[in-house]
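>>> Sequence first, predicted model second:
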Amino acid sequence: MAGFLNNSTALCLLLTISFGLCLVISTLAELQRFEHPVKGDGSLSFLVIGDWGRRGTYNQSEVALQMGRIGEKLDIDFVVSTGDNFYDDGLTGVDDPTFEESFTKIYTSNSLQKQWGDAEAQLNPVLRKIDSRWLCLRSFVVNAEIAEFFFVDTTPFVDMYFTNTKDHAYDWRGVSPQKNYIKDLLKDVELALKESTAKWKIVVGHHAIRSAGHHGDTQELVRQLLPILQANNVDLYVNGHDHCLEHISSIDSPIQFLTSGAGSKAWRGDVKGLNQDRINFFYDGQGFMSVQLAQNVAKIAFYDVFGKVLHRWNVSKQLYSAL
């Protein structure tokens with residue numbers, strides 16, 4: 001991820017404190033691996049939120065309230081953050097008040113008392129002393145029995161960030177040289193996906209592979225990451241970055257592209273066209289997403305700032321259907 005100043009795109013996994021999180025040293029890939037149990041019936045449920053940290057403004061607090069309500073209703077196991085956690089330039093250090101003002105004091109519902117995780121200042125373990133929910137890494141794998149989650153550091157793929165630094169400051173410690181970092185990361189992700197025997201394979205990144213929103217497709221990911229996902233039977237690619245909610249179906253693979261980047265400020269009316277893939281749902285207001293997984297079916301829903309369901313969709317290994 002981008003470094004000490006502009007590290008807000010880091011990915012977070014929010015895990016229930018009651019279950020905790022176990023680190024497993026893997027001999028199959030360089031990515032850190034974690035284990036998380038499913039419920040007694042073998043199911044798993046979680047929320048997805050992205051692009052949120054604005055000290056409660058732009059309806060961040062209202063979205064957080066509805067996340068708490070839906071999280072309790074679905075008895076969620078964890079929450080996934082798709083990045084852009086602290087606007088506008090991440091955290092300036094471990095003592096930056098933005099951390100508490102945009103996270104600790106906002107996501108206060110009982111069902112959201114999970115471990116959150118995130119690069120450089122956001123990776124600093126001191127932040128976990130401020131709020132024990134915080135757990136952030138660059139790229140990692142979570143094995144949740146019926147599903148494996150592959151969190152991929154997508155920021156270094158974007159060439160523009162290395163050439164256009166007038167708007168944001170970046171610290172690439174641990175990432176440079178870019179080509180070597182990407183090469184190694186792709187190798188690790190590909191190996192982890194190949195070795196996975198999970199019923200569901202879910203890849204999470206900050207940047208979109210397919211999107212009809214403001215930023216659109218991330219061409220570097222289309223060229224370099226997408227072929228690996230297609231070759232390894234990935235079910236869902238989940239991202240933020242575009243401040244909207246989207247569900248896009250690939251026409252040449254089973255992959256479903258899900259954008260949940262509407263945690264606070266939304267880009268109303270900023271819609272672009274799309275290539276040959278099919279748009280099932282697009283919403284340019286604030287909101288979030290839920291996913292419920294069982295052995296043979298995944299239930300996905302998008303919610304607006306009032307907690308109203310905007311789009312529901314079920315997917316099984318045999319049948320894909322929009323509801």
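In hand now; what should we look at? Predicted model, so just to flag it, every value in this text is computed and none were measured.
>>> could you point out which element follows the worst-scoring helix or strand of the chain on mean pLDDT?
Averaged element by element with mean pLDDT, DSSP states H and E, the chain has its least confident helix or strand at strand 22-24 (a mean of 41). Beyond strand 22-24 on the C-terminal side, the first helix or strand identified by DSSP states H and E is strand 32-35.
>>> Relative to that next one, what are the paired strands and their orientations?
Taking DSSP bridges as the criterion, strand 32-35 sits next to strand 22-24 (antiparallel), strand 140-143 (parallel) in its sheet.
>>> Next, the buried residues of that strand.
32, 33, 34 (16 or more other CB atoms under 10 Å). No exception for glycine: its C-beta is placed from N, CA and C like everyone else's.
>>> same deal with stretch 46-66?
Counting neighbours by 16+ other CB under 10 Å, one finds that the buried residues in stretch 46-66 are 46-56, 58-66.
>>> swap in stretch 302-321?
By neighbour count with 16+ other CB under 10 Å, stretch 302-321 contains the buried residues 302, 303, 304, 305, 307, 310, 311, 313, 315.
>>> And stretch 90-101, by the same measure?
Buried residues in stretch 90-101, counting neighbours by 16+ other CB under 10 Å, are found at 90, 91, 96, 98, 99.
>>> now stretch 296-303
Judged by neighbour count using 16+ other CB under 10 Å, the buried positions of stretch 296-303 are 298, 299, 300, 301, 302, 303.
>>> So which of the residues you listed is the closest to residue 170?
Out of those, the one with the shortest distance to residue 170 is residue 302. That distance is 31.5 Å, counting by CB to CB.
>>> And for the spatially closest residue to residue 98 that is not a sequence neighbour, the neighbour number?
Spatial nearest neighbour of residue 98, excluding adjacent residues (CB to CB, 6 or more residues apart in numbering): residue 86 at 5.1 Å. For residue 86, the count of nearby residues is 26 (other CB atoms under 10 Å).
>>> May I have the phi/psi pair for residue 86?
Dihedral angles of residue 86 (phi, psi; degrees, to the nearest 10) stand at phi -140, psi 110.
>>> got it, and the one 5 residues further on?
For residue 91, the backbone dihedrals (degrees, to the nearest 10) come out as phi -110, psi 140.
>>> any idea how far it is from residue 42?
Separation of residue 91 from residue 42 (CB to CB, to the nearest Å) stands at 38 Å.
>>> circling back: tell me which of the buried residues of stretch 90-101 fall in strands.
Taking DSSP state E, every one of the buried residues of stretch 90-101 sits outside strands.
>>> low-confidence ranges in this structure?
For the chain, the stretches with pLDDT under 70 are 1-29, 114-126, 128, 132-136, 165-169, 273-276, 318-323.
>>> how about the helices of it, start to end?
Using DSSP state H, the helices of the chain run over 60-74, 98-99, 126-130, 160-163, 178-195, 219-224, 226-231.
>>> Show me what the shortest one is packed against.
With contacts taken as 3 or more CB pairs under 8 Å, 6 or more residues apart in numbering; DSSP states H and E, helix 98-99 sits against no other helix or strand.
>>> got a list of contacts for that helix?
Surrounding helix 98-99, the residues in contact under the criterion CB atoms under 8 Å, 6 or more residues apart in numbering are 53, 55, 86, 91, 92, 127, 130, 131.
>>> CSV please, covering those and showing distance to residue 283.
As requested, these are arranged in CSV below (distance: CB to CB, whole Å):
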residue, distance to residue 283
53, 21
55, 24
86, 24
91, 29
92, 33
127, 32
130, 33
131, 30
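>>> Looking at those residues, spot the one nearest residue 140.
Of all those, the one with the least separation from residue 140 (CB to CB) is residue 127, at 16.8 Å.
>>> The closest one: how many residues sit nearby?
Using other CB under 10 Å as the criterion, residue 127 is surrounded by 25 other residues.
>>> Next: residue 223.
10.
>>> Let me have the helices of the chain in CSV, adding distance to residue 149 as columns.
Output for those, formatted as CSV (distance: least, CB to CB, whole Å):
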stretch, distance to residue 149
helix 60-74, 17
helix 98-99, 24
helix 126-130, 20
helix 160-163, 24
helix 178-195, 11
helix 219-224, 17
helix 226-231, 13
